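>>> sequence first, then the predicted structure:
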Amino acid sequence: MANVDLDCGGLSCPVPIVRISRAMKELASGDTLTVTASDPSFKADVEAWVRKMGHHLDAFSEADGSQTAVLRHA
Amino acid sequence: MASDSSSQPPEDLAALVDAAVEKRCGAAFASLEQTLADLKASVAELKEACPEDRCTIVAFSGDMDRLFAALTIASGAVAMGMESSMFFTFWGLSALKVKTTYAGKSVGQKMAAMMLPGGPNSVPTSRMNMAGMGPVFFKMLMKQKNVQSLPEMMEMVQELGVRLVACEMSMGVMGISREELLPGIDYGGVATYLGDASRSKVTLFI
């Protein structure tokens, strides 16, 4: 089970979601993708994205305007 | 211990059982098979009629802000695993323009070519255009916020495989030739749009 980090800091909608979708395609079932982002719509968008794509959001945290989401490939 | 041969039915008995089963159930099986085939055909028909996970957008406006919305939704749709098409018609064609030519155009078409934006980098805003100052102002704000520019968005949708279709009827009216538009795009008319839109869960006119 690999983990890949993806930095989307400073990037605006829709780029973080586009990058996540690209990165997730390279991963296998059970692998995780740790994404950091500052886009204000990031939480809502990443939640909607995993729901639509059938992947999982294992963790989400926010500190000092930086958000971190841990996504797990279904 | 009894010999194994007693547990094996004689061949003629097996044939007899087969014949009896066929006689009693053959018709029922045939009818079930027919029902199954009918059901499969109905499901295939329903699938054909059901909208798919697609997103089809008509980009009618040639305004920077509206084109932004259209391009953001189209790229977001691809990221959400959907197939995405954009139909550029009338003012929206400006987003596809890479150059402006005058040869072979009528006087009216030459005037249109002169007055219309030369490409996605020179489109006006729908409000607060202020004779071209608005777009400069918004580009500055967007750069500060690290939001992609319209030409960058156009590049991104191409990379993502969004189907870009130019409306040939509006191209004809305005005298826009294929050489003036991005290479590698598709061309079509209303049926091309409706063909994609009728198979789309999301369809928008922007």
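All right, it came through fine.

>>> hmm, who's touching the helix or strand of chain A with the lowest mean pLDDT?
Scoring the helices and strands of chain A by mean pLDDT, DSSP states H and E places helix A:42-53 at the bottom, with a mean of 92. Helix A:42-53 has contacts (Cβ atoms under 8 Å, 6 or more residues apart in numbering or on different chains) with A:8, A:13, A:16-17, A:20-21, A:24, A:35, A:37, A:39, A:55-57, A:60, A:62, A:67, A:69, A:71, A:74, B:79-81. To be clear about C-beta, it is placed using only N, CA and C from the backbone, and glycine gets the same treatment.

>>> tell me the buried residues in that helix?
A:42, A:45-46, A:49-50, A:53 (16 or more other Cβ atoms under 10 Å in any protein chain shown).

>>> same check, this time on stretch B:163-182
B:163-167, B:170-171, B:174-176, B:180-182.

>>> which of those sit farthest apart?
Greatest spatial distance among the buried residues of stretch B:163-182 (Cβ to Cβ): B:R163 and B:G175, at 24.6 Å.

>>> starting at the chain centroid, how far to whichever helix or strand B:M154 is part of?
Here B:M154, judged by DSSP states H and E, is contained in helix B:150-160. Offset of helix B:150-160 from its chain centre (Cα atoms, centre = their mean, to the nearest Å): 16 Å.

>>> that helix packs against which elements?
Helix B:150-160 sits against helix A:15-25, helix B:64-79, strand B:83-88, with contacts defined as 3 or more Cβ pairs under 8 Å, 6 or more residues apart in numbering or on different chains; DSSP states H and E.

>>> alpha carbons of it, as CSV, please.
Output of helix B:150-160 as CSV, limited to C-alpha atoms (Å, rounded to 0.1, in the frame of the first residue of the first chain):
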residue,chain,number,x,y,z
LEU,B,150,-8.6,31.8,-20.0
PRO,B,151,-5.9,30.6,-22.5
GLU,B,152,-4.5,28.3,-19.8
MET,B,153,-8.0,26.9,-19.2
MET,B,154,-8.4,26.3,-22.9
GLU,B,155,-5.1,24.3,-22.8
MET,B,156,-6.3,22.4,-19.8
VAL,B,157,-9.6,21.2,-21.3
GLN,B,158,-7.7,20.0,-24.4
GLU,B,159,-5.3,18.1,-22.3
LEU,B,160,-8.1,16.6,-20.3
